[in-house]
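Peer 1: Test case, fold it:
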Amino acid sequence: MAFFLPILKQLGYLDEISMMLVNVGSRKITTADDYGSQNWGVFAPNLTIIGFDADPEACEAANAEFEAQGHDWNEFHIPIAIAKEVGKATLHITKNPMCSSLYPPNEEFIHRFPRFPDLVGLASTVEIETTTLDQFCQDEAIEDVDFLQVDVQGANLQVLQGAQALLQRSVFAIQTEVEFSPIYRGEPLFAETDTFLRQQGFTLFDLSPLCREQRSPLHSTNRPGQLLWSDAIYLRDPLQASTPDTFKTPDAIFKLACIADALEFTDYALELLEHLTLTFGQQALAYNLADAIVQSLAQVPDLLKQGLENLPVVQKIQPYLRQPLPVSIVNNLI
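Peer 2: The predicted structure is shown next:
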């Protein structure tokens, strides 16, 4: 769960914040694929979600589900294949459609794992048209994207390479699937994706879950199979000297803190909110988050028991507090 966003919403800090999410490979397989079950809904009604999937039926199902749920934000799933270039490509449709890819299955490799042939085995191919995120955003006059999620079965780096103009001017965080072994022939692996995103100014924050596969029922508890893929999360870091000034403005730092909290990087969100308060809090009330920080921390009984006044962050932001400390905290200090 998000830690700071509920209080920020309650105090009105999110009223003027718009959030644009783009999800490439937006087929909804489980409830975890539904943004409504995550933390993004707090930005409604100023939330827009654009999903892409090469499968028209998957997009139709996602749009119908969104319509039925009656959420108070904008969400669209568009049947377009996003890749590195505008043109045509071969889509390799697998036995389980969720594993379909622009790359052919690595048959020799997948047959070493009992489950994989029925999932990733090739069923058919079809020629499709592709475009890039940069081209789509140009055609639709989309200037900024805040959060980008990519899960397109081996072609994730292609999607990112086709979004370089977008990455230069926006995007605070990226969640992308990465592979550590070639499930598809010719697919870029984690090292290539990591190198590319670091070159674009992103920092790796997490790899989770670590997805493993067993070759047989006999495997170790400590080493339960070969690590094959994961979801990697990258964020901007405005506290690094090398980060472009575009991402160091107070508005950018606040939006990044909100995204970090939505992604449940609570410690990083707190660091950014503290930095924003200490650096820009005297310039405008909108950048003084001291009260929101204290009210959020006050929800944690263990922190109250320890004494919030002992927390370095509270000591630093105390001169910026506009409201008296909550009674429960005052009693704790006496």
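Peer 1: And the helices in the stretch 51-200 of the chain?
Peer 2: According to DSSP state H, counting those that start in this stretch, the stretch 51-200 of the chain carries its helices in the segments 56-69, 107-110, 117-120, 133-139, 156-161, 164-169, 190-199.
Peer 1: Now find how far off-centre the longest one is within its chain.
Peer 2: Read it as helix 56-69. Mean-position distance between helix 56-69 and its chain equals 21 Å (C-alpha atoms, centre = their mean, to the nearest Å).
Peer 1: So which bits of that helix are buried?
Peer 2: Ala58, Cys59, Ala62, Asn63, Phe66 (16 or more other C-beta atoms under 10 Å). (Each C-beta comes from the backbone N, C-alpha and C, glycine too.)
Peer 1: just the second one next, same as before
Peer 2: Of the residues in helix 107-110, those buried by neighbour count under the rule 16+ other C-beta under 10 Å are Phe109, Ile110.
Peer 1: Put the alpha carbons of it into CSV.
Peer 2: Included here for helix 107-110 are C-alpha records, laid out as CSV according to Å, rounded to 0.1, in the frame of the first residue of the first chain:
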residue,chain,number,x,y,z
GLU,A,107,12.7,-24.2,-29.0
GLU,A,108,15.9,-26.0,-27.9
PHE,A,109,15.9,-24.1,-24.7
ILE,A,110,12.3,-24.2,-23.7
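Peer 1: ok, and Asp261, which helix or strand is that part of?
Peer 2: Asp261 belongs to helix 250-262 when elements are defined using DSSP states H and E.
Peer 1: That helix: what's the following helix or strand?
Peer 2: From helix 250-262 onward toward the C-terminus, using DSSP H and E, the following helix or strand is helix 266-280.
Peer 1: tell me the angle that next one makes with helix 250-262.
Peer 2: Taking axes from the mean of the first three to the mean of the last three C-alpha atoms, to 10 degrees, one finds helix 266-280 and helix 250-262 inclined to each other by 160 degrees.
Peer 1: and helix 266-280, what does it pack onto?
Peer 2: Where contact means 3 or more C-beta pairs under 8 Å, 6 or more residues apart in numbering; DSSP states H and E, helix 266-280 is packed against helix 250-262, helix 290-297, helix 312-317.
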